[in-house]
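> give the three-dimensional model of this entry:
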Amino acid sequence: MTKPNPPSLYARLGDTGIAQLVDRLYERMATLPEVRQVWQMHHDDLTQTKARLRAFLSGWLGGPDRYTSQYGMPRMRRRHLAFSIGRSERDQWMLCLRMALDDTVPDAALRADLDATFSAMADHLRNRAETDTDHQSMASVCVTPSRGEGRGQHGRNQGVPAWQPCQPDCHS
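This next block holds a predicted model:
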C-alpha cells in the first residue's frame with residue numbers, strides 16, 4: 001500500500017498565508033537599513049511585483065498555476081538576470097523572508113519547510129561569479145518544482161517541491 005503524499009506547501013499555507021507573507025516580506029525590505037541594496041532593486045510601486053510573486057508562489061508551492069497564463073513561463077533566473085545577485089543580495093533577501101515567515105507563519109514545521117524551499121530558490125537566483133568555497137554551480141537545478149513524488153531537495157518526502165534538472169533555455 002502506498003502512503004498518500006503529504007499536503008503541499010500551498011495547501012499548508014493557503015492564499016491568505018501567501019498574501020500575508022508577500023506583504024510582510026516587502027514591508028521588511030522597505031524598513032530594514034541593512035537590506036537597502038536589495039530594496040533599491042525594486043520599483044517604487046510594488047503592486048505588480050506583489051501580484052506576480054503571489055501568482056508565482058501559488059503554483060510553485062503546489063497550488064494552482066496563476067502565473068503562467070498571465071506572465072508566461074516563470075524562468076525566475078532569467079527574469080532576475082538584470083540584477084547583480086551574489087551572496088550578499090541573497091542573504092539580504094533571505095533575512096527579510098525569514099522575518100516575514102516568523103511574522104506570518106505560526107507553524108514551526110511549515111516555516112522550516114518554507115525556509116528550505118526559499119533558500120534553494122535564493123541560491124538559484126545568484127548570478128554573480130564569486131570566488132570562494134560558498135560558490136556553487138548555479139545552473140544545476142531549477143526552482144521549478146517537479147510534480148513527481150513530492151520529495152525535498154535531499155530526497156526525503158517532506159511535502160516540499162522536488163527540484164528538477166534545468167530546461168535547456170532556463171538560464172538563457
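> where does Pro74 fall, phi/psi-wise?
Its backbone dihedrals place Pro74 at phi -60, psi -50, with angles given as degrees, to the nearest 10.
> what is the burial count for it?
Residue crowding around Pro74 was assessed by other CB atoms under 10 Å; the count is 20. The way it works is simple: take the backbone N, C-alpha and C, and place the C-beta from them, glycine included.
> ok, it to Leu61 distance?
12 Å (CB to CB, to the nearest Å).
> again with Leu114
Distance of Leu114 to Leu61, computed by CB to CB: 8 Å.
> which neighbours do the two have in common?
9, 13 (CB atoms under 8 Å, 6 or more residues apart in numbering).
> hang on, Val58 packs against Gly14?
Val isn't right for residue 58; it's Ser. No: between Ser58 and Gly14 no contact is recorded; they are 9.8 Å apart, counting by CB atoms under 8 Å.
> list the buried residues in stretch 116-126.
117-118, 120-126 (16 or more other CB atoms under 10 Å).
> of Ser58 and Gly14, who's got more company?
The residue with more neighbours, out of Ser58 and Gly14 and counting by other CB under 10 Å, is Ser58; that gives 19 against 13.
> just the pLDDT for the more buried one.
pLDDT recorded at Ser58 is 97.
> got a list of contacts for the strand or helix carrying it?
When secondary structure is defined using DSSP states H and E, the element that contains Ser58 is helix 47-60. For helix 47-60, the external contacting residues (CB under 8 Å, 6+ apart) are 10, 15, 18-19, 21-23, 25-26, 42-43, 64-68, 70-71, 74, 76, 143-145, 161.
> show me these that map onto helices.
Counted as lying in helices by DSSP state H, out of those, are 10, 15, 18-19, 21-23, 25-26, 68, 70-71, 76.
> so which of those residues comes closest to Ala108?
Nearest to Ala108 out of the ones in helices among the contacts of helix 47-60 is Leu21 (CB to CB; 15.2 Å).
> excluding its backbone neighbours, what's nearest Asp123?
Leaving aside its chain neighbours, Asp123 sits nearest to Arg90 (6.6 Å; criterion: CB to CB, 6 or more residues apart in numbering).
> was I right about that neighbour contacting Arg128?
No: under the criterion of CB under 8 Å, Arg90 lies out of contact with Arg128, with a separation of 9.8 Å.
> higher neighbour count, the two?
Arg90 (20 against 14).
> give me the buried stretch members for whichever strand or helix holds the more buried one, please.
Element membership of Arg90 [criterion: DSSP H and E] is helix 87-104. For helix 87-104, a neighbour-count test (16+ other CB under 10 Å) marks 89-90, 92-101, 104 as buried.
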